[in-house]
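[1] Model the following, please.
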Amino acid sequence: QVQLVESGGGLVQAGDSLRLSCAASGRIFGSYAMGWFRQAPGKEREFVGIIMWSGGTHYADSVKGRFTISRDNVKIAVYLQMNSLKPEDTAVYSCAVALGSGIYYEVNEYNYWGQGTQVTVSS
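    Residues are numbered from 1 along each chain as shown. Predicted structure coming up:
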């Protein structure tokens, strides 16, 4: 069983930066992608970005140019560097693992999820 734990959330001001981390326990066999999603109060969970097994990355338009995803395959960890934060970035951020070597945008394509970490950006 794979468990994911996020850390690094908090309360920041608009324009600040935060770096979220997500570490996995357990083993993952084969290729996998690691993604970040977020859910704001009263809204659906939405895709933020993904780093594929190949190392390629894709981002939601709303965060492109501000957020950067990286991964450590040895540690089975993924990171989300968030710069120039805006109040609309306020949400619970969750990491997830999708088994396979493709690109995955949908919640139901992911196999394992973390509990999430709160990010609050004040104006």
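
[2] all contacts plus neighbour counts: C-alpha atoms, from now on.
    Will do.

[3] Burial check on residue 57, number of neighbours?
    Residues near residue 57, counting by other CA atoms under 10 Å, number 17.

[4] What of the one 4 residues further on?
    Under the neighbour criterion other CA under 10 Å, residue 61 is assigned a count of 11.

[5] and it, what element?
    For residue 61, there is no enclosing helix or strand under DSSP states H and E.

[6] i'd like the first residue to be 3 from this point on
    Okay, residue one is now 3; in that scheme the one you just asked about reads as residue 63.

[7] got a list of contacts for stretch 50-64?
    Under the contact criterion CA atoms under 8 Å, 6 or more residues apart in numbering, stretch 50-64 has outside partners 33-40, 49, 65, 69, 71-73, 102-107.

[8] Can you get me the start-to-end distance on it?
    With CA to CA, to the nearest Å as the measure, the first residue of stretch 50-64 is 8 Å from its last.

[9] Repeat that for stretch 52-67.
    Stretch 52-67: ends 14 Å apart by CA to CA.

[10] No more questions from me, cheers.
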